[in-house]
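A.B. asks: My questions are about this predicted structure, shown below with the sequence.
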Amino acid sequence: MGDVQLKSDLKRYNSKEWKNQKLDTFQFSTLFEDVLKIEKPDFIFQTGDWVNYNNGLFLKIIDRVGIELDVLPLPYDEWRFMNKSIPYELKENFFLTIGNHDSYKEIILEGILVSEADILANIKEVKLDLNNSESKKEFLINKFHHLAKARFHKNTGTYVIEKDQFTLISMDGLDRNRKPLLDFIEEELSQHQKFYPEKKLIVISHYPIFTGRLKNTDEELVLADIRETLIHLFDKYKVDVYINGHEHFYLRYKNEGIKIADFKGVVPKYTKYMTVSNFVNPYPREFKRLMPQKYDDNALIYFSGIHYSTLTISDISLEVKTYGLIENNFWKTIDYFEIK
């Protein structure tokens, strides 16, 4: 499952009401409970942006001439709300790959107080800081204690989990120290091939290697600079599937037929690439990331609504199904493929 990042309706809250605000998790909780009853999963992979502000939001209120009236911190703990939704029996088997929203250190939004309507107007971001990648191991273990058993890349948010059925590599795409990151990933892939070749190999990261937007000009495509290296590594060591979030739609790329010019000559030969990244929080329909087919004829399957995917591992195959929420809250199969 992908991006959740539940938001507050900031315009509704003035300084008197702000402190009583709570995170509205009703829609998410209802959908999540529904999916868990249907699927009864053994593990949950979450592709990042589990929370929206990482408890780092401050709302700065100014008057119409720009004078600061108040600065209000977020009055609830997002992680407490979200982690309470994970069933007790699955808490040890919930694996999150850290996203940009999960990495916020401080975000300041500024709004103009419209006193006669008692609302805020023209709310905009005036500051955004991210946590250093070298601090994320401690952060993740603090939020998810079972990750203390994982093998981490130094103190970053990249880690490896070994299970009887699979090896999972969770990669922090915001780690800009690329050479050590790639060395760690190749070493782990090599060890898997040497000691566990019979197990399925899954890599998750918040960020896409391929994207629904223009490939070589997308500033948010954090992995673009190491795309070629990662694709070669994944093919060489037979990574079965790469799953990312961030884009707020479902998308699976063709392995055959990708236009070489789009990806600077890099075409995947083995690994399947999926974007699983909208569980509750789609982008507005007019936003162009919802329309990749207009920019990209390499997409095999595309769906803009709320969705989730299941991975079923047997001795002989990895079966992947994706379900989309359509009218009347009905889950419909929108994609299926199998890796032998």
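C.D. replies: Looks like it came in fine. Numbers count the residues shown, from 1 in each chain.

A.B. asks: Show me the shaky parts of the chain.
C.D. replies: Residues of the chain that meet the criterion pLDDT under 70 lie in 8-16, 24, 211-221, 255-266, 281-298, 328.

A.B. asks: mind redoing it with 80?
C.D. replies: Under the criterion of pLDDT under 80, the regions of the chain flagged as low confidence span 7-27, 115-119, 210-222, 224, 253-268, 280-299, 327-329.

A.B. asks: Okay, helices next: where are they in it?
C.D. replies: Assignment of helices within the chain using DSSP state H yields the ranges 15-18, 26-39, 78-83, 136-143, 178-195, 227-236, 292-295.

A.B. asks: Format those helices as a markdown table; extra columns: distance to residue 124 and mean neighbour count.
C.D. replies: C-beta coordinates here come from the backbone N, C-alpha and C atoms, glycine included. Formatted as a markdown table, these follow (distance: least, CB to CB, whole Å; neighbours: other CB atoms under 10 Å):
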| stretch | distance to residue 124 | mean neighbour count |
| --- | --- | --- |
| helix 15-18 | 18 | 12 |
| helix 26-39 | 26 | 14 |
| helix 78-83 | 21 | 18 |
| helix 136-143 | 28 | 18 |
| helix 178-195 | 32 | 15 |
| helix 227-236 | 32 | 18 |
| helix 292-295 | 27 | 15 |
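
A.B. asks: Make CSV out of these and add distance to residue 166.
C.D. replies: As requested, the helices of the chain are arranged in CSV below (distance: least, CB to CB, whole Å):
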stretch, distance to residue 166
helix 15-18, 44
helix 26-39, 17
helix 78-83, 23
helix 136-143, 19
helix 178-195, 10
helix 227-236, 15
helix 292-295, 29
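
A.B. asks: Any idea which of those helices gets closest to residue 120?
C.D. replies: Distances from residue 120 to each of the helices of the chain were compared by CB to CB, and the smallest falls on helix 15-18, at 10.1 Å.

A.B. asks: Grab the most central residue of the protein for me.
C.D. replies: Relative to the mean C-alpha position of the chain, the nearest C-alpha, by CA atoms, centre = their mean, is the one of residue 48, at 2.6 Å.

A.B. asks: Relative to residue 313, how far out is residue 164?
C.D. replies: Counting by CB to CB, to the nearest Å, the separation of residue 164 from residue 313 is 10 Å.

A.B. asks: same deal with residue 230?
C.D. replies: In this view, residue 230 and residue 313 are 23 Å apart by CB to CB.

A.B. asks: now swap in residue 80 and tell me
C.D. replies: Going from residue 80 to residue 313 by CB to CB gives 32 Å.
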